[in-house]
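Undergrad: based on what follows, work out the 3D shape:
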Amino acid sequence: MSQVQGTVHLAATTISDQLAEIDLDGAEIPGRFTYLIRPRSFLVIGHLGKLKGEAGGDHAAKIRSFEPYRRHLDAPEIVTFDELLARAEWAIQMGTAVE
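TA: So this is what the prediction gives:
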């Protein structure tokens, strides 16, 4: 957690508020930049199966510990590996549904 926060802080202070777009020669492109006011960060850890009991049902005490913890963090956002996979699969499905 602190490593992610430290990395974001370092990036924000090193890069500042704007990140210039660079052309193939390495020169800045005038007027082309990205604002880096408050970069988002993510910590991808574990999987939701860890919140299940031995019989496979939801473990209420584990869920009551994990969910409020990650919901009340401002940065980084905590996502489990299986949630990230589900988001990626959803994005792919939405991309192919549009075509």
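Undergrad: next, give phi and psi for the nearest residue to residue 7 once chain neighbours are set aside.
TA: Of all residues not flanking residue 7 in the chain, residue 41 sits nearest, at 7.5 Å (C-beta to C-beta, 6 or more residues apart in numbering). Placement of C-beta: from N, CA and C, glycine included. The phi/psi pair for residue 41 (degrees, to the nearest 10) reads phi -140, psi 150.
Undergrad: so residue 41 makes contact with residue 5?
TA: Yes: look at residue 41 against residue 5 with C-beta atoms under 8 Å: they come within range, at 7.4 Å.
Undergrad: so where's this structure shaky on pLDDT?
TA: For the chain, applying pLDDT under 70 flags the ranges 97-99.
Undergrad: quick one: the helices in it, in order.
TA: Ranges of helices within the chain are 2-15, 60-71, 81-98, based on DSSP state H.
Undergrad: elements contacting the shortest one?
TA: The elements that helix 60-71 packs onto, with contact taken as 3 or more C-beta pairs under 8 Å, 6 or more residues apart in numbering; DSSP states H and E, are strand 77-79.
Undergrad: from the chain's centre, how far out does the strand it packs on sit?
TA: Counting by C-alpha atoms, centre = their mean, to the nearest Å, strand 77-79 is centred 6 Å from the centre of its parent chain.
Undergrad: mind listing what that strand pairs with, with the direction of each?
TA: Partner strands and pairing direction for strand 77-79 (DSSP bridges) are strand 42-44 (parallel).
Undergrad: and the contacts of the partner strand?
TA: 1, 4, 76, 77, 78, 79, 80, 81, 84 (C-beta atoms under 8 Å, 6 or more residues apart in numbering).
Undergrad: make it 6 Å
TA: With contact meaning C-beta atoms under 6 Å, 6 or more residues apart in numbering, strand 42-44 is reached by 4, 76, 77, 78, 79, 84.
Undergrad: tally of neighbours for the closest residue to the first one other than its chain neighbours?
TA: Counting by C-beta to C-beta, 6+ apart, the nearest residue to residue 4 once its immediate chain neighbours are dropped is residue 76, at 4.5 Å. Burial of residue 76, expressed as a neighbour count using other C-beta atoms under 10 Å, amounts to 18.
Undergrad: residues in contact with residue 76?
TA: By C-beta under 6 Å, 6+ apart, the contact set of residue 76 is 4, 41, 42, 43.
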